[in-house]
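Visitor: with the sequence up front, the predicted model follows.
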Amino acid sequence: MAKVVNIFNDYYDIQESWIRRQIDNLKYDSFIDLNAAKKEIEGAGLVAFVDHHSLQQFRESNLSVTGKKKLSAALRTYKKRDNRKLTTRRLDIDISLQAHQVLETMAAESGLTKIQIIEQLLLNEREKQINYA
């Protein structure tokens, strides 16, 4: 549980945003009582999460065990993506079924991830272009 406590000590703005989205999207399983959590935020208004202590207090008194696990996972994902922004870029593409099947086969045969294969193909193709230019 130490890892969960540590991740909650950072990214307070992300935690607040996550909590508000859970309420807006009626994620009942994230809260002990969704309606009570919603009323608490509405009652406090703009100062609902005025400091880290108030966010921590809200989290402890309103999030269910499931909610804490989901928030922890969301924060770990955010941290990982935030750290990777310095060296990587996210790419969301659609490829043909045939190309996807070839990629899956290449990954299984080579032991590489699909991302590693795509990166190798791109870098190798670029090197060929430079060498033949």
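Guide: Received the coordinates, thanks.

Visitor: wait, what's in contact with the nearest residue to residue 30 once chain neighbours are set aside?
Guide: Spatial nearest neighbour of residue 30, chain neighbours left out: residue 67 (3.4 Å); criterion: Cβ to Cβ, 6 or more residues apart in numbering. Backbone N, C-alpha and C define where each C-beta goes, glycine included. Shown in contact with residue 67 (Cβ atoms under 8 Å, 6 or more residues apart in numbering): 22, 27, 29-31.

Visitor: where does the residue nearest to the spatial centre of the chain land on pLDDT?
Guide: Central residue of the chain (Cα atoms, centre = their mean): residue 77, 3.4 Å from the mean position. The score at residue 77 is 91. That number is its pLDDT.

Visitor: tell me which residues in the strand or helix carrying it are buried?
Guide: Applying DSSP states H and E as the criterion places residue 77 in helix 65-84. For helix 65-84, a neighbour-count test (16 or more other Cβ atoms under 10 Å) marks 67-68, 70-72, 74-75, 78 as buried.

Visitor: ok, then the element right after it?
Guide: Counting by DSSP H and E, the next helix or strand C-terminal to helix 65-84 is helix 97-110.

Visitor: can you name every helix or strand that that following helix contacts?
Guide: helix 114-132 (3 or more Cβ pairs under 8 Å, 6 or more residues apart in numbering; DSSP states H and E).

Visitor: would you list the phi and psi of the nearest residue to residue 61 once chain neighbours are set aside?
Guide: Nearest residue to residue 61, sequence neighbours excluded (Cβ to Cβ, 6+ apart): residue 32, at 7.8 Å. In terms of degrees, to the nearest 10, the main-chain angles of residue 32 are phi -60, psi -50.
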